[in-house]
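Chemist: got a predicted structure here, sequence first:
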Amino acid sequence: VRGREQSTDAFAVDEVASIVSAFAKASPSEQQVFSFLSTVVKQVPSDLFDPQSLCMIASAFLRAGVDEDALWTHLESACLAIEPHRFEASSVAFLSNAFA
């Protein structure tokens with residue numbers, strides 16, 4: 001199937017983004033869950049993120065009030081690993097605000 005030519009790692013980043021986002025919407029005060037999810041996100045290599053998953057993950061951790069330096073440093077590295085032309089204006093605006 002042509003739509004499945006991406007590596008399984010790329011799908012894993014999307015899945016992690018969806019899970020983090022879902023928990024942020026359903027249980028933003030569950031700090032133990034977000035601590036675990038932060039550990040998962042930090043294990044994803046920076047070069048596997050895409051703008052959409054990066055925005056979803058950053059949004060979810062912001063919504064949950066997670067202020068962990070190591071997590072935000074990793075997300076910053078992921079942001080810098082993405083080629084600038086891959087970002088849409090809305091992603092740039094959101095991430096600029098998230099990292100402010």
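Modeler: Done, it's in.
Chemist: how many other residues sit next to Asn97?
Modeler: Counted with other C-beta atoms under 10 Å, the neighbours of Asn97 add up to 10. The C-beta positions use only the backbone N, C-alpha and C, and glycine is treated the same way.
Chemist: got the phi/psi numbers for it?
Modeler: For Asn97, the backbone dihedrals (degrees, to the nearest 10) come out as phi -70, psi -40.
Chemist: check this protein and tell me which residue is nearest its centre.
Modeler: With distances taken as C-alpha atoms, centre = their mean, Ile57 lies nearest the centre of the chain, 2.9 Å away.
Chemist: average pLDDT for the strand or helix carrying that residue?
Modeler: Using DSSP states H and E, Ile57 falls within helix 51-63. Averaged across helix 51-63, pLDDT comes to 94.
Chemist: next, the angle from the helix or strand of the chain with the lowest mean pLDDT to helix 51-63.
Modeler: Counting by mean pLDDT, DSSP states H and E, the chain has its least confident helix or strand at helix 8-26, which shows a mean of 81. Between helix 8-26 and helix 51-63, the angle comes out at 30 degrees (axes from the mean of the first three to the mean of the last three C-alpha atoms, to 10 degrees).
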